[in-house]
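[1] Predicted model and sequence follow; I will ask about them next.
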Amino acid sequence: MSDEKKLAIIATKGTLDWAYPPFILASTAAAIGYETQIFFTFYGLQLLKKDLNLKVSPLGNPGMPMPMGMDKWFPTLGTALPGMESMMSSMMKSKMKSKGVASVAELREMCQEAEVKLIACQMTVDLFDMDTSDFIDDIDYAGATTFFEFAGESDVNLFI
């Protein structure tokens, strides 16, 4: 058995705000010597697409800090107005950039350069009739069994 530590992550969400945690944690773990794998399933598969058209939804996300104190006076229902998702996504991308946070595409590329194994759930790809040509290169396609083989030997397992 190897002395190398292992990190296994399951990524199930495909929005902008949920894209950051798996890539930040995986790239950090790889940088400090962990063998790392991310298993992307259901909506998490959006994070493996070549075209990362990710959005953040303030609707149903009461913990999301809003600009100008909107979280105090803007009712949650108001976030369902047409255009709010695009506006909030644009604001989040701008905030991340102004704070020097890497984009999702950059973080994903860092993971690949650090040899983080990115695995697309084959069952989900088949279930949603996804076209594998829409996904980035150098990823694996496998089922849950493959994930469990790695996760069962991992020091840390995260569900995001």
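    Looks like it came in fine.

[2] ok, and the closest non-adjacent residue to Leu54?
    Distances taken as Cβ to Cβ, 6 or more residues apart in numbering place Leu16 nearest to Leu54, at 4.1 Å, with adjacent residues excluded. Every residue, glycine included, has its C-beta placed from N, CA and C.

[3] In contact with that neighbour, which residues are there?
    54-56, 89, 92-93, 104 (Cβ atoms under 8 Å, 6 or more residues apart in numbering).

[4] what's the spacing between it and Phe150?
    As judged by Cβ to Cβ, to the nearest Å, Leu16 and Phe150 stand 27 Å apart.

[5] beta partners for Thr36?
    Leu7 (DSSP bridges).

[6] Lys5 is in contact with that one, correct?
    No: Thr36 is beyond contact range of Lys5, at 9.3 Å (criterion: Cβ atoms under 8 Å).

[7] ok, these two, which is more surrounded?
    Neighbours were counted for Thr36 and for Lys5 using other Cβ atoms under 10 Å; Thr36 has more, 27 against 14.

[8] Gln112: helix or strand, and which one exactly?
    Here Gln112 sits within helix 104-113, counting by DSSP states H and E.

[9] Dump the C-alpha coordinates for that helix into PDB.
    The C-alpha atoms that make up helix 104-113 are tabulated as PDB, following Å, rounded to 0.1, in the frame of the first residue of the first chain:
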ATOM      1  CA  VAL A 104     -13.300  27.700 -13.400                       C
ATOM      2  CA  ALA A 105     -11.600  26.900 -16.700                       C
ATOM      3  CA  GLU A 106      -8.200  27.900 -15.300                       C
ATOM      4  CA  LEU A 107      -8.800  25.800 -12.200                       C
ATOM      5  CA  ARG A 108      -9.900  22.900 -14.200                       C
ATOM      6  CA  GLU A 109      -6.700  23.200 -16.400                       C
ATOM      7  CA  MET A 110      -4.600  23.400 -13.200                       C
ATOM      8  CA  CYS A 111      -6.200  20.100 -12.000                       C
ATOM      9  CA  GLN A 112      -5.400  18.500 -15.300                       C
ATOM     10  CA  GLU A 113      -1.800  19.700 -15.200                       C
END
